[in-house]
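**Student:** here's a sequence, model it:
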Amino acid sequence: MSKDQELREDRLVFYENDIERLDSEIDSFLELSKARCVLLVDRDGHLVTRRGESVRDHEETISALIAGSFAATKEMARLLGENEFAILFHQGTRDSIQLQLIGNRTLMAALFDGRTNLGMVRFYAQESGERIAEVLAEVQAEDRDPGLADGFGEDAESALDQLF
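**Tutor:** Alright, predicted model coming up:
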């Protein structure tokens, strides 16, 4: 398989209506769970969407760290004989975060504080995660080609070689 084909298969392409559907599911989760914020992140650390309160203009950095945390934990799980851990939880003195694998390539990070508790977040995250997974599966199943030309990877590599 060429690099161009791998690139096309590895990425998800979202259109405005896809993000609206994801945001609607996340908004329902936030209302029911009383969590502060949700970041939906791909496994490469790219922010797909954010709903709820702002995380102090650090969404991109936090997204990358979420993906990194899952990658490190996947290796730990492998060493312990597990394929991977699907849910991670970090508790702070003021804020906590639950990280949940949705499907095989997306992570949902729910940030919450004393207005709710882990049980509420975990319960509603399970339901919402299933609905979000359905939307993501539909997006992945659609034949979407945003228009990368054949040979894009080789052309980009050549342009970078010429630049440097």
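**Student:** and the residue sitting nearest the centre point of the chain, how far is that from D18?
**Tutor:** In the chain, the centroid-proximal residue (CA atoms, centre = their mean) is V41; its distance is 2.2 Å. Between V41 and D18 the computed distance is 15 Å (CB to CB, to the nearest Å). Glycine gets a C-beta too; all of them are placed from N, C-alpha and C.
**Student:** and the average pLDDT for stretch 120-128 is what?
**Tutor:** Stretch 120-128 carries an average pLDDT of 94.
**Student:** and the residue nearest to the centre of the chain, how far is that from L65?
**Tutor:** 10 Å.
**Student:** could you spell out the sheet neighbours of the helix or strand that contains the residue nearest to the centre of the chain, each with its direction?
**Tutor:** Using DSSP states H and E, V41 falls within strand 37-42. Using DSSP bridges, the strands paired with strand 37-42 in its sheet are strand 47-52 (antiparallel), strand 106-112 (antiparallel).
**Student:** nearest to A71, of those?
**Tutor:** A71 sits nearest to strand 106-112 of all those, at 10.3 Å, using CB to CB.
**Student:** list the buried residues in the closest one.
**Tutor:** 106-112 (16 or more other CB atoms under 10 Å).
**Student:** would you turn those residues into a markdown table with distance to Q100 and pLDDT?
**Tutor:** Formatted as a markdown table, those follow (distance: CB to CB, whole Å; pLDDT from 0 to 100):
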| residue | distance to Q100 | pLDDT |
| --- | --- | --- |
| T106 | 9 | 93 |
| L107 | 7 | 95 |
| M108 | 5 | 96 |
| A109 | 8 | 96 |
| A110 | 7 | 96 |
| L111 | 12 | 95 |
| F112 | 13 | 94 |
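**Student:** which two among the residues you listed are spaced furthest apart?
**Tutor:** Greatest spatial distance among those (CB to CB): T106 and F112, at 19.4 Å.
**Student:** measure R43 to R115 for me?
**Tutor:** Counting by CB to CB - R43 and R115 are separated by 29 Å.
**Student:** who has more neighbours, these two?
**Tutor:** Neighbours of R43 and R115, each counted by other CB atoms under 10 Å, are more numerous for R43; the result is 17 against 10.
**Student:** alright, calling it a day.
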